[in-house]
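1. here is a sequence together with a model predicted from it:
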Amino acid sequence: MFSDETIQTFERIVARYPVKRSALIPILHEVQGRLGYLTPEAMVEVARYLGLHPVEVAETASFYDLLNLRPVGKHQIFFCHNLSCTLLGAERILAHVQKTLGIGTGETTPDGLFTLKRMECLASCGTAPVMQVNGEFYENLTEAKVDEILDGLRRRG
């Protein structure tokens with residue numbers, strides 16, 4: 001299933017660790033980067049490559065929020081709902097995002113453009129409420145600011 005190039009990348013990742021199975025999460029990130037999400041077939045192949053049982057790979061993949069087990073939107077929105085963000089209006093703003101996009105958390109818009117997820121903490125309490133989109137932080141959020149961000153992302157496609 002994996003190309004020779006991908007296997008070479010796996011080998012470079014494994015070389016960083018004293019135990020081969022320790023490379024599981026970095027390899028899953030690599031696979032997700034190439035496929036967009038972790039297919040059941042890919043997880044079986046990763047298990048085979050690392051000498052693990054497929055259920056060990058599936059358990060690990062299902063535990064971590066940054067690993068996707070199904071297709072996600074082009075723009076992944078991670079919305080912090082920890083204490084600081086919640087006290088400063090995150091729930092109200094998240095409800096606004098859900099209404100604007102027409103999806104709930106854990107869902108993807110029908111056009112495949114946005115996926116919305118809650119995150120326990122994005123480590124930006126001093127600038128709460130905060131969200132992260134495709135690795136970029138947006139802080140001190142208001143409904144108006146979120147509308148501008150979403151409009152800009154829609155224009156980019």
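-> Done, it's in. Residues are numbered from 1 along each chain as shown.
2. ends of stretch 83-95, how far apart?
-> Distance between the boundary residues of stretch 83-95 (C-alpha to C-alpha, to the nearest Å) amounts to 17 Å.
3. list the buried ones in that stretch?
-> Neighbour-count burial for stretch 83-95, counted by 16 or more other C-beta atoms under 10 Å, picks out 84-85, 88, 90, 93-94. Using the backbone N, CA and C atoms, a C-beta is placed for each residue, glycine as well.
4. now, these that are in helices?
-> 84-85, 90, 93-94 (DSSP state H).
5. need those in CSV with distance to residue 29 and pLDDT, can you?
-> What follows is those, written out as CSV (distance: C-beta to C-beta, whole Å; pLDDT from 0 to 100):
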residue, distance to residue 29, pLDDT
84, 28, 93
85, 25, 94
90, 27, 95
93, 29, 96
94, 26, 97
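6. what is the most widely separated pair among those?
-> For those, the farthest-apart pair by C-beta to C-beta is 84 and 94; their separation is 14.2 Å.
7. I figured residue 6 hits residue 35, correct?
-> No - if you go by C-beta atoms under 8 Å, residue 6 and residue 35 don't touch, sitting 10.0 Å apart.
8. list of residues touching the lengthiest helix in the chain?
-> Taking DSSP H as the criterion, the chain has its longest helix at helix 143-156. Helix 143-156 is contacted from outside by 75, 92-93, 96-97, 100-101, 113-114, 131, 133, 138, using C-beta atoms under 8 Å, 6 or more residues apart in numbering.
9. for stretch 102-116, same thing?
-> 71-77, 79, 94, 97-98, 101, 117-118, 150, 153-154, 157.
10. list the buried residues for that stretch?
-> 103, 108, 113-116.
11. swap in stretch 65-74?
-> 67-68, 72-74.
12. quick revisit: so what sits against both of residue 6 and residue 35?
-> By C-beta under 8 Å, 6+ apart, no residue touches both residue 6 and residue 35.
13. leaving out chain neighbours, which residue sits closest to the residue sitting nearest the centre point of the chain?
-> Residue closest to the mean C-alpha point of the chain, counted by C-alpha atoms, centre = their mean, is residue 66 at 3.6 Å. Leaving aside its sequence neighbours, residue 66 sits nearest to residue 29 (C-beta to C-beta, 6 or more residues apart in numbering; 7.7 Å).
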